[in-house]
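**Student:** Whatever this is, show me its structure:
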Amino acid sequence: MNILSIQSHVAYGHVGNSSAVFPLQRLGVEVWPIHTVQFSNHTGYGAWRGQVFEAGVIGDLIEGIAERGRLGACDGVLSGYMGSADIGAAILDAVARVRAANPNANYCCDPVIGDVGRGIFVRPGIPEFMRDAAVPAADIITPNRFELELLSGMTVATREDAAAACDALHARGPKVILVTSLHTSDTPSDAIDLFASGPDGRFLLRTPRLDVSLNGAGDAIAALFFVHYKRMGTTAGALGAAGSSIFGLLKRTHEAHSRELLLVEAQEEFVRPSNVFTPQAI
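**Tutor:** Below is the predicted model:
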C-alpha cells in the first residue's frame with residue numbers, strides 16, 4: 001500500500017508527518033511524505049525555527065511523482081495541518097490528480113482547526129476552508145469533539161449528539177468519520193471515548209483516561225485509522241486496531257513522563273497492541 005501524506009514536519013519530536021509516517025511504515029506501508037512546513041519543533045513549546053513552504057511546492061512535488069509514472073500506484077492521500085487556505089487548495093488539487101490516476105484511491109482529511117479548552121488555533125480562513133472544501137472532498141475525516149461541533153454547527157453533549165453531528169457531515173460527503181478525544185455526559189470521568197460512524201454502523205471505543213495531553217497523537221491515530229480502514233474495509237475493525245494502538249502509545253509515553261510521543265520505543269504497539277479494546281456497536 002502506498003499513502004501520500006501531506007502534513008507539517010518537525011525535526012525534533014513527533015507531530016504531523018513526524019507522527020504519522022513511522023507508524024505506517026512499521027505496519028508495512030510505503031509512505032510518500034510531502035511537508036507543508038518544516039520546523040525545529042512543534043509550536044506548543046512557544047518558540048521554534050523553520051519555515052512554512054509555499055503552496056506551489058506541493059504541486060511541484062506531485063508533478064515530479066507524476067513524471068515517474070507513480071500517481072496511479074497511490075492508494076490514498078492523508079492530510080493534516082494545512083497552514084493556509086492556499087496550501088489546502090494545493091492539497092485538494094493533489095487529491096484530484098491521484099483520484100484521476102487511481103479511481104480507487106481515498107482521501108482522509110484530519111480537519112485540524114482547534115480543540116476543547118484552546119479554541120481555534122489555525123489561521124483565519126482555515127475553518128471555512130475545512131468546512132466548505134476539504135470535508136466535502138474527503139472519504140474519511142477524523143475530527144475531535146471541538147472540530148465536530150464547528151464543522152457540523154451542532155453542540156455535542158451526548159453520544160446521541162455525536163451521532164447526529166456525524167449524520168450531518170455524512171450528508172456533505174465523508175463516508176466514514178472518526179471522532180477522537182470524545183468526552184460527553186455518557187463518558188465516565190476516568191475514561192475517554194472514540195466514536196466512529198461509517199457504512200457498517202456506529203461504534204464506540206472506550207479506554208482508560210490518561211492524565212496526558214500530547215501534541216501529535218491526533219496525527220498518529222488519523223494515519224492508523226485510515227490505513228486499517230483501507231486494509232479491513234470495516235469501521236469497527238479500523239476503530240479497534242487504531243484505538244488499541246494509540247492507547248498503548250500514550251500509556252508508554254505517559255509512564256516515561258515524556259513530553260514527546262515515544263513512537264520508536266512503543267513501536268510494537270502499532271503491530272501488536274498490549275491492550276486490545278473491542279468497539280461497541282451503538
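**Student:** Report the backbone C-alpha coordinates of the helix or strand where Asp93 lies in CSV.
**Tutor:** Per DSSP states H and E, Asp93 falls inside helix 85-101. C-alpha atoms of helix 85-101 as CSV (Å, rounded to 0.1, in the frame of the first residue of the first chain):
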residue,chain,number,x,y,z
ALA,A,85,-6.1,28.1,2.5
ASP,A,86,-3.7,28.2,-0.4
ILE,A,87,-2.0,25.1,0.9
GLY,A,88,-5.4,23.5,1.4
ALA,A,89,-6.3,24.2,-2.2
ALA,A,90,-3.0,22.6,-3.4
ILE,A,91,-3.7,19.5,-1.3
LEU,A,92,-7.2,19.1,-2.9
ASP,A,93,-5.5,19.5,-6.3
ALA,A,94,-3.2,16.7,-5.3
VAL,A,95,-6.2,14.6,-4.3
ALA,A,96,-7.9,15.2,-7.6
ARG,A,97,-4.7,14.2,-9.5
VAL,A,98,-4.4,11.0,-7.5
ARG,A,99,-8.0,10.1,-8.0
ALA,A,100,-7.8,10.7,-11.7
ALA,A,101,-4.8,8.3,-11.9
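**Student:** Name the residues of it that are buried.
**Tutor:** 85, 87-92, 94-95, 97-99, 101 (16 or more other CB atoms under 10 Å). Using the backbone N, CA and C atoms, a C-beta is placed for each residue, glycine as well.
**Student:** Pick out whichever of those sits closest to Ile221.
**Tutor:** Set against Ile221, the nearest of these by CB to CB is Ile91 (19.6 Å).
**Student:** Distance check, the closest one against His9.
**Tutor:** From Ile91 over to His9 the distance is 15 Å, taken as CB to CB, to the nearest Å.
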